[in-house]
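Visitor: Attaching a predicted model along with its sequence, questions to come.
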Amino acid sequence: MARMDIMPGVGVEAVKIGDPRSDVERRLGPPAHAGKRPRAVYDSVDPMLVVTYDEDDIVELVEIGYGVDNQVYFDGVQLTYRFMDEVMADLAAKGQLGTPSDIGFDLRAGFAIYSMDSLTAQDLDPDAPEDDPRRVVEGVSVAPYAYFTADPPPLDGTDEELDAWLRKRGMLPAES
């Protein structure tokens, strides 16, 4: 099984946040589509990379998808093509905390895992019932944590500040 390791907040070996488009294309070749769009798909590496460039053609986000044979890893943890709750449990055991998003989790280290719900639990577990709610991690986005949330949780705040932040997002019940 092939693997691609991420460097949180930085990217992957082939593409790093802050790289100019010209450097990326020198290393990977031209994107799989024509034109100078903000997002470019590079299929010269496995798994494929989707790179988002800012208005100055500088890398601001690196996305890596799943594959049955080619997966994304961080610190020995397989991130893609696994159940999201299992990935989060493995990451939490390594001290990696995240905040829920509408499609997955944003991790403070500088990456996000997500599911677009194109895979179902049955894709990983053929014996799973059709209505199995478990989500499958289909991709990983790498960028500094601030990219994923304009309102990050207070990392050095008081318990009350963190509770207020969690309540604001509906992750804790409102105070009575």
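Guide: Thanks, I have the structure now. Numbering: from 1, shown residues only.

Visitor: For the rest of this, base every contact and every neighbour count on C-alpha atoms.
Guide: Will do.

Visitor: Please enumerate the helices of this protein.
Guide: With helices called from DSSP state H, the chain shows them at 21-28, 84-93, 121-124, 145-148, 159-168.

Visitor: between these, which one is nearest to Arg135?
Guide: helix 84-93 (5.6 Å; C-alpha to C-alpha).

Visitor: Which positions within that closest one qualify as buried?
Guide: Within helix 84-93, the residues scored as buried using 16 or more other C-alpha atoms under 10 Å are Met84, Glu86, Val87, Met88, Asp90, Leu91.

Visitor: what's the answer for stretch 46-54, then?
Guide: Within stretch 46-54, judged by 16+ other C-alpha under 10 Å, the buried ones are Asp46, Pro47, Met48, Leu49, Val50, Val51, Thr52, Tyr53.

Visitor: Give me the contacts around it.
Guide: For stretch 46-54, contacts defined as C-alpha atoms under 8 Å, 6 or more residues apart in numbering pick out 2, 4, 21, 38-43, 59-67, 70-71.

Visitor: Reformat the helices of the chain as CSV; add distance to Ile113 and mean pLDDT.
Guide: Below are these laid out as CSV (distance: least, C-alpha to C-alpha, whole Å; pLDDT from 0 to 100):
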stretch, distance to Ile113, mean pLDDT
helix 21-28, 23, 94
helix 84-93, 8, 96
helix 121-124, 16, 95
helix 145-148, 11, 85
helix 159-168, 20, 65
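
Visitor: Take those helices and lay them out in a markdown table including distance to Gly139.
Guide: Output for these, formatted as a markdown table (distance: least, C-alpha to C-alpha, whole Å):
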| stretch | distance to Gly139 |
| --- | --- |
| helix 21-28 | 20 |
| helix 84-93 | 11 |
| helix 121-124 | 15 |
| helix 145-148 | 14 |
| helix 159-168 | 25 |
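
Visitor: In the chain, where is pLDDT below threshold?
Guide: The model of the chain has pLDDT under 70 over residues 1, 34-36, 68, 150-159, 161-163, 165-174, 176.

Visitor: where along it do the strands fall?
Guide: For the chain, applying DSSP state E gives strands covering 2-7, 11-12, 39-42, 49-53, 59-65, 70-74, 77-78, 98-100, 104-107, 111-114, 139-142.

Visitor: what's the distance between the second one and the middle of its chain?
Guide: In other words, strand 11-12. Mean C-alpha position of strand 11-12 versus that of the full chain (C-alpha atoms, centre = their mean, to the nearest Å) differs by 11 Å.

Visitor: just the first one next, same as before
Guide: On the basis of C-alpha atoms, centre = their mean, the separation between the geometric centre of strand 2-7 and that of its chain is 12 Å.

Visitor: Mind listing the strands it pairs with, and their directions?
Guide: strand 11-12 (antiparallel), strand 70-74 (parallel) (DSSP bridges).
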